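>>> Next comes the sequence, and after it the predicted model I'd like to discuss.
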Amino acid sequence: MRVLIPGPYSPPVIPPLVPDPAGLPGTDVLNTLTNGIAAWALIAALVGVVIGAVIWAFGHYGQNYHQAYNGRKGLLVSGAAALIIGAAPGIINFFINLGSGLNKVH
């Protein structure tokens, strides 16, 4: 079955997107703020790993398996958070490059 589109069709013109850090004032401050927040988040993840390990150990040796499970879960979640925080720039760059590749017309 064919669908007819009435009239001439021209694809929309998409203006190029070129990220420029110097395009707005305050980029250096925002970059410093982002790095500081990432450092705090990594410190919080480290504290979560340590607390999770301690709770896991106390629960295991105290025969409290629910507490041991919660400690193990806290340790794994904190470790995953540190992994995601550390990989965030690479993940963002991957998707930027993927999106830039989709925008090119061949």
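Everything's here; your move.
>>> make it CA atoms for all contacts and neighbour counts henceforth
OK.
>>> what bits of this protein have low per-residue confidence?
Applying pLDDT under 70 to the chain picks out residues 1-14, 103-106.
>>> How about the contacts made by the residue nearest the centre of it?
Nearest to the geometric centre of the chain sits residue 88, at 4.4 Å (Cα atoms, centre = their mean). By Cα atoms under 8 Å, 6 or more residues apart in numbering, the contact set of residue 88 is empty.
>>> how far away is it from residue 45?
Distance, residue 88 to residue 45, by Cα to Cα, to the nearest Å: 15 Å.
>>> Can you mark which positions in the helix ranked longest in the chain are buried?
Ranked by residue count and defined by DSSP state H, the top helix of the chain is helix 65-103. Of the residues in helix 65-103, 67-79, 81-82, 85 count as buried by neighbour count, 16 or more other Cα atoms under 10 Å.
>>> what's the closest of the residues you listed to residue 98?
residue 85 (20.3 Å; Cα to Cα).
>>> isn't that closest one right next to residue 42, touching?
Yes. Using Cα atoms under 8 Å, residue 85 makes contact with residue 42 at a distance of 7.1 Å.
>>> Would you mind giving the secondary structure of residue 17?
Following DSSP: H, G, I helix; E, B strand; the rest coil, residue 17 is assigned to coil.
>>> Now it: phi and psi?
Phi and psi for residue 17, reported as degrees, to the nearest 10, are phi -110, psi 110.
>>> Would you quantify the distance from it to residue 92?
To residue 92, residue 17 is 16 Å away according to Cα to Cα.
>>> Repeat that for residue 58.
From residue 58 to residue 92 the distance is 39 Å (Cα to Cα).
>>> again, but for residue 32
Using Cα to Cα, one gets 18 Å for the distance from residue 32 to residue 92.
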